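1. Here's a sequence, model it:
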Amino acid sequence: MGFSDTDEHRLIRDSVRKVCADFPDEFWAEKEEAQATSSLS
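-> Numbering: from 1, shown residues only. Below you'll find the model as predicted:
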């Protein structure tokens, strides 16, 4: 199954990147660690 990268997909991806860029790397590292810890339970 192939997926094409539409203008809408690019717009959504770029928008999400802009929102995520407002948060520091430490924020995302904490979220990833919390997710990994919760999935071990």
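2. now this protein, which segments are flagged as low pLDDT?
-> In the predicted model of the chain, residues 1, 41 satisfy pLDDT under 70.
3. just the strands in the chain please.
-> Applying DSSP state E to the chain gives no strands.
4. quick one: the helices in it?
-> Secondary structure of the chain (DSSP state H): helices at 7-21, 25-39.
5. export these to JSON lines and tack on mean neighbour count?
-> Yep, even glycine has a C-beta here, placed from its N, CA and C like the rest. What follows is these, written out as JSON lines (neighbours: other C-beta atoms under 10 Å):
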{"stretch": "helix 7-21", "mean neighbour count": "9"}
{"stretch": "helix 25-39", "mean neighbour count": "9"}
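6. And V19, how close does it get to D7?
-> Relative to D7, V19 is positioned 19 Å away (C-beta to C-beta, to the nearest Å).
7. likewise S15?
-> On the measure of C-beta to C-beta, S15 and D7 end up 12 Å apart.
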